[in-house]
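> here is my input; please provide its structure:
(one chain, ligands or ions: 2)
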Amino acid sequence: MPDFVQIRPLMFAAVIAALWLAESLAPHFAAFVRIARERRVHGLRNATLGLINGLLGVLLLGSVIVLSVHWAQTHEFGLLRWLALPGWVEALAALSLFDAWMYWWHRLNHMVPFLWRFHRVHHSDPRMDVTTALRFHPGEIILSTAARLFIVVLIGMQLWHLALYELILAPVIAFHHSNINLPRKVDDALRWFMVTPWMHWVHHSRLVQETNSNYSSVLSIWDRVFGSFRFRADAEMIRFGLNEYPDDDPHQGIPGMLRTPFD
Ligand SMILES: [Zn+2]
Ligand SMILES: [Zn+2]
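Ligands and ions are numbered 1, 2, ... in the order given. Sure thing, here's the model as predicted:
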């Protein structure tokens, strides 16, 4: 099994820990940080899902993806294999195409009711901080891995392309969920090319038209290209979560989150 399968969760954990510390010292939404106990319980619940998903990835899903990429390589299959571009152009094309796939996969998670059952666990979080980046139902991880098996073959990705993408994706996801007090000007500048906290806060809004916007994972360009970009300056007024799952709902606990897709 290649190193990245094991390294990714460790690196992700280190980035999460660093951002958690930054949120403690200089939060954007200070009210949540002031209620220390609530923040800890919320963080531990989300981290438990993250731990389950990390184990699932290391023990099972990582090796399945490796087999799929290996098959494409040995059979000279996939768009990039056929195009035979110079190495660095091929790598840039692989990363961009895969990021575009991530956009459409996320958008499908909002459009297809079956996929939404799983993805709504990520959106039912009534608070947002870096631990929200860990809050995914294991079923969503399995479904997205199943879809990836075909996509990596169709694109003709090499293993190191995928490893590099994962190395970029993990810190970007942690960053755009975090509650760090990033100056608005910095967020404005970064948002031209990547997904920032401000952009992703809108995605976690309870207003349906805002939930169904800003689907990009790394590059923000996809939302602009496919017409789903939304922005609002009054971030303080955004209510996070889903109306069906209030703060004290049993679905906010670990068994409740695991049960959510099946209720
Ligand atoms: Zn979403
Ligand atoms: Zn999110």
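
> residues touching the longest helix seen in the chain, excluding its own?
Across the chain, the longest stretch assigned as helix under DSSP state H is helix 87-111. With contact meaning CB atoms under 8 Å, 6 or more residues apart in numbering, helix 87-111 is reached by 79-80, 83, 85, 115-116, 118-119, 140, 144, 147, 151-152, 155-158, 161-162, 164-165, 168-169, 211-212, 215-219, 222-223, 226, 228. C-beta here means a position set from N, CA and C on the backbone, and glycine is covered the same way.

> could you flag which of those are buried?
Among the contacts of helix 87-111, those scoring as buried are 80, 115, 118-119, 140, 144, 151-152, 155-158, 161-162, 164-165, 169, 211, 215-219, 222-223, 228 (criterion: 16 or more other CB atoms under 10 Å).

> just the ones of the residues you listed in strands?
In strands, defined here by DSSP state E, there are no members of the buried ones among the contacts of helix 87-111.

> so which of the contacts of helix 87-111 sit within helices?
Filtering those for helices - DSSP H - leaves 79-80, 83, 115-116, 118-119, 140, 144, 147, 151-152, 155, 161-162, 164-165, 168-169, 211, 222-223.

> so where's the chain uncertain?
1-6 (pLDDT under 70).

> the most centrally placed residue in it is in what secondary structure piece?
Computing the C-alpha centroid of the chain and ranking residues by CA atoms, centre = their mean puts Ile173 first, at 5.1 Å. Assessed by DSSP states H and E, Ile173 sits inside helix 159-177.

> packing partners of the next helix-or-strand element following that helix?
Following helix 159-177 in sequence order, the next helix or strand is helix 184-190 (DSSP H and E). The helices and strands touching helix 184-190, judged by 3 or more CB pairs under 8 Å, 6 or more residues apart in numbering; DSSP states H and E, are helix 197-203.

> for the helix it packs on, packing partners?
Checking 3+ CB pairs under 8 Å, 6+ apart, helix 197-203 ends up next to helix 159-177, helix 184-190, helix 208-211.

> show residues contacting that helix.
Counting by CB under 8 Å, 6+ apart, 28, 128, 175-180, 182, 184, 187, 191, 210-211, 213-216, 220, 223, 230-232, 235, 238, 240 sit against helix 197-203.
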